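Peer 1: Here is a sequence with its predicted model. Questions after.
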Amino acid sequence: MLLSLLAGDFMSSAQQKDLFPVTELRPLPSPGEVKIVPVGGTGWAKSSVNAAIFRTNSVITHGDTQYVGFYDGDGNVVLGKRRIGTTQWETRKTQYKGNVKDAHNAISLGIDGRGVLHMSWDMHGHTLHYARTSAPGSLELGDEIPMTGQKENRVTYPQFYALPDGDLLFTYRDGGSGNGNSMLNRYDVQTDRWEAVAHPVVAGGGQRNAYLNTFGIDSKGGVHLSWVWRETGDVATNHDICYAYSPDQGKNWQKSTGEKYTLPITIENAEVVWEVPQKSELINSTSMTVDANDRPVIATYWRDQNSEVPQYRVVWHDGQRWQSSVAGNRTLGFRLSGGGTKRIPISRPQVVAGAGNRIYVIFRDEERNSGISVAVSQDVARKEWRVVDLLKESVGSWEPSYDPEMWKRAGTLHLFVQRVGQGDAETLEDLPPQEVSILEWSP
């Protein structure tokens, strides 16, 4: 049966009608070890602000210490840390708060090569909120400060990416849905300064915007970038998956063919790696990684024109050309249209790559009780997929975000987990604060 739902500008979640108390999470028996580690606090749950997929990062590790950030039930920013391998967290309620009623206002964390924690939060077309801790290993945040002081008045989607030399990249959108530019800054850990690398790196030309999501940073420090275009504030106008690669960490960009881009990248010169027409239920943004051969792998979802059911998709470059496959076999149809944060029966996916040809797509689907699931493929053509459930209990409108350092270092997936609700078009779901945990999975 076709589930006719409006889909949002930025967020997606499962439709939940019942009111639950604080959820105690219990992992399902599944291949590999699964463990739930409570952080020792509860998070705001009436919107999905704590569990948005574009939280880069919600949880992040430096050395032997892992950090986490979330909003508590009163909208206060809470930071926590623990020693890797232990279950005891030290948490601190900071001096900062956020408008948690708007699910766009997510907290993003980064850690530079010295071990200083950087944080950006509470923005949906607002002035940049940015602060960092007073010393390596500290949870004590300093005053708010600007980064470059340029184009920092209409910021959304703050995201940090750690580079091999200890520097940080920072991306955000300047502008709004259907009319915005994607900006790129770099933090120099030696000089303790931010600089504008590309303002913008991808431009909407005043007529559209690109939805960037996670970069893929390869073993040489090269940066892989993917996005979809949106023509207006209506999610139904999302179309096409595009790609760019920077061999020098954001200064110069090229296509998969090696052809060099002239910045900013626009709809006229962007490499379209997979054509997806408007009104295909293509969700805004993609997730991205690189495989064992440093080749780009992109995950998202859309609907074929001859089908009523959106499917999770993986698009990748095999060294010669772009390929695509369907990850899993969904049966529940829905439609995406309109603006604002909406309710959708599936999450946007995350993708990570393991040894050999193994690819993991992490998601939440109402068909599977809105728990936490992973589709796994290890054949070269990526046509065969096996879906395993890591968590039985519903996580509501949760979307996956994970610790990239722990995956890179140990091949262990550390997911930020909290049951969250989400009303339609920035309305709220009557859900009390829910337990915040880290799900650890060793495939």
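Peer 2: Sure thing, it's come through.

Peer 1: residues in contact with the closest residue to Gly40 other than its chain neighbours?
Peer 2: Nearest non-adjacent residue to Gly40, counting by CB to CB, 6 or more residues apart in numbering: Trp89, 4.8 Å away. In this view, the C-beta of every residue, glycine as well, is placed from N, C-alpha and C. Trp89 sits next to 39-40, 68, 80-82 when contact means CB atoms under 8 Å, 6 or more residues apart in numbering.

Peer 1: In helices, which of those residues fall?
Peer 2: Among the contacts of Trp89, DSSP state H puts none in helices.

Peer 1: Against Phe160, how distant is the residue lying closest to Gly69 once chain neighbours are set aside?
Peer 2: Of all residues not flanking Gly69 in the chain, Ile107 sits nearest, at 4.5 Å (CB to CB, 6+ apart). Separation of Ile107 from Phe160 (CB to CB, to the nearest Å) stands at 11 Å.

Peer 1: How about Ile298?
Peer 2: Taking CB to CB, one finds Ile298 at 20 Å from Phe160.

Peer 1: Have a look at those two and say which one is more surrounded.
Peer 2: Neighbours per residue (other CB atoms under 10 Å) separate Ile298 from Phe160, with Ile298 holding more: 28 against 22.

Peer 1: For the more buried one, list each beta-bridge partner.
Peer 2: Met288, Val315 (DSSP bridges).

Peer 1: Going forward, count from 28.
Peer 2: From this message on, residue numbering opens at 28, which makes the last subject Ile325.

Peer 1: For the chain, give me the ranges with low pLDDT.
Peer 2: Within the chain, the segments meeting pLDDT under 70 span 28-58, 367-369.

Peer 1: how about the helices in it?
Peer 2: Counting by DSSP H, the chain has helices at residues 431-437.

Peer 1: what sits against Ser165?
Peer 2: Contacts of Ser165 by CB under 8 Å, 6+ apart are 143-144.

Peer 1: And for Asp129?
Peer 2: Contacts for Asp129 (CB under 8 Å, 6+ apart) come out as 74, 76, 151, 368, 453.

Peer 1: Return the subset of the residues you listed lying in strands.
Peer 2: The members of the contacts of Asp129 that map onto strands under DSSP state E are His151.

Peer 1: could I get the contacts of Asp129 as JSON lines with neighbour count and distance to Val300?
Peer 2: As requested, those are exported to JSON lines (neighbours: other CB atoms under 10 Å; distance: CB to CB, whole Å):
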{"residue": "Ser74", "neighbour count": "29", "distance to Val300": "33"}
{"residue": "Val76", "neighbour count": "29", "distance to Val300": "31"}
{"residue": "His151", "neighbour count": "21", "distance to Val300": "29"}
{"residue": "Thr368", "neighbour count": "28", "distance to Val300": "28"}
{"residue": "Glu453", "neighbour count": "19", "distance to Val300": "33"}
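
Peer 1: all strands of the stretch 228-377 of the chain, in order?
Peer 2: Using DSSP state E, counting those that start in this stretch, the strands found in the stretch 228-377 of the chain span residues 236-239, 243-244, 250-257, 265-273, 298-301, 314-317, 323-329, 338-344, 349-353, 360-361, 377-380.

Peer 1: right, so of these, which gets closest to Leu466?
Peer 2: strand 377-380 (12.5 Å; CB to CB).

Peer 1: Report all helices and strands that that closest one contacts.
Peer 2: strand 314-317, strand 323-329, strand 386-390 (3 or more CB pairs under 8 Å, 6 or more residues apart in numbering; DSSP states H and E).

Peer 1: can you put these in JSON lines and add distance to Ser351?
Peer 2: Below are the helices and strands packed on strand 377-380 laid out as JSON lines (distance: least, CB to CB, whole Å):
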{"stretch": "strand 314-317", "distance to Ser351": "14"}
{"stretch": "strand 323-329", "distance to Ser351": "9"}
{"stretch": "strand 386-390", "distance to Ser351": "13"}
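
Peer 1: Is Val336 in contact with Gly355, as I believe?
Peer 2: No - using CB atoms under 8 Å, Val336 is not in contact with Gly355; the gap is 10.9 Å.

Peer 1: Same drill for those two, tell me which one is more crowded.
Peer 2: Gly355 (21 against 16).

Peer 1: And for that one, nearest residue in space, chain neighbours not counted?
Peer 2: Ala402 (4.8 Å).

Peer 1: ok, how many other residues are close to the one you found?
Peer 2: Considering only other CB under 10 Å, Ala402 is surrounded by 23 other residues.

Peer 1: Return the set of residues that bridge with it.
Peer 2: Those that pair with Ala402 in a beta bridge, by DSSP bridges, are Val388, Val414.

Peer 1: Next, find the distance separating it from Ile465.
Peer 2: Ala402 is 21 Å from Ile465, by CB to CB.

Peer 1: same deal with Glu286?
Peer 2: Glu286 is 42 Å from Ile465, by CB to CB.

Peer 1: Between the two, which has more neighbouring residues?
Peer 2: Ranked by neighbour count (other CB under 10 Å), Glu286 and Ile465 place Ile465 first, with 24 against 9.

Peer 1: what's near enough to touch the nearest residue to that one once chain neighbours are set aside?
Peer 2: Using CB to CB, 6+ apart and skipping the chain neighbours, the partner closest in space to Ile465 is Val64 (4.6 Å). Val64 sits next to 114, 464-467 when contact means CB under 8 Å, 6+ apart.

Peer 1: from those residues, which single one is nearest Glu426?
Peer 2: Closest to Glu426, out of all of the contacts of Val64 and judged by CB to CB, is Leu466, at 13.5 Å.

Peer 1: didn't Tyr429 look like it was pressed against Phe443?
Peer 2: Yes - counting by CB under 8 Å, Tyr429 does reach Phe443; the two are 7.2 Å apart.

Peer 1: Quickly list what's touching both of the two.
Peer 2: Between them, Tyr429 and Phe443 share the contacting residues 85-86, judged by CB under 8 Å, 6+ apart.
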